[in-house]
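In: Just to be clear, the model below is a prediction. Sequence and coordinates:
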Amino acid sequence: MNETPQQYTQRIIARVEGKQPLAVQAATAKKLERLIKVLPASKLRRRPAADKWSVSEIVAHLGDAEIVIAFRMRLILGAPGAPIAAYDQDSWVTSGHYEKRDPRKSAEQFRVVREANLALLKSLTPEQWQQYGMHSERGQETIEHIVRMTAGHDINHLQQIERILPAKQK
């Protein structure tokens, strides 16, 4: 999908319209676990098309993305206004050998880091929610905005997984 950083932001934020971002984030790990628990890793590693990620690769991406989000939020909280580097998610799929990762271990990584991030977010003051960093592609992003983006990102990838899996497996 070729889209500008602004189009990406709009698409992801639209997924969380009318929803509570923290509630979405709190529910994602269990939904992910439920979606992948019934299939063997070999089936989860099967790509739906040559240019599309497998369920296993999506889960690995979610785990690594959660680490990135953890770092970005802590960077912002420790140094408001700090620069935030973008990353090429497709190159991470290749360089991180996502196709070989155990999808259940990736889901567990995601769950553990997500729990730590949610605990941090619950501790923040209203002022801290408005602290921001300067994303290299998208500009100023507050903690509040990152939380909405993360929830939309969760929904986006959960829907992607649901489209890949056979209906009887969901």
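Out: That came in fine, so what should we check first?
In: Would you mind measuring from Lys100 to Gln140?
Out: Applying Cβ to Cβ, to the nearest Å, the value for Lys100 to Gln140 is 37 Å. Placement of C-beta: from N, CA and C, glycine included.
In: Can you name the residues in contact with the one helix or strand Arg11 maps to?
Out: Here Arg11, judged by DSSP states H and E, is contained in helix 5-14. Helix 5-14 has contacts (Cβ atoms under 8 Å, 6 or more residues apart in numbering) with 3, 86, 135, 137-138, 148-149, 152-153, 156.
In: ranges for the strands of the chain?
Out: Assignment of strands within the chain using DSSP state E yields the ranges 83-84, 132-135, 139-142.
In: could these be laid out in JSON lines, adding distance to Glu66 and mean pLDDT?
Out: As requested, those are exported to JSON lines (distance: least, Cβ to Cβ, whole Å; pLDDT from 0 to 100):
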{"stretch": "strand 83-84", "distance to Glu66": "15", "mean pLDDT": "98"}
{"stretch": "strand 132-135", "distance to Glu66": "17", "mean pLDDT": "98"}
{"stretch": "strand 139-142", "distance to Glu66": "16", "mean pLDDT": "97"}
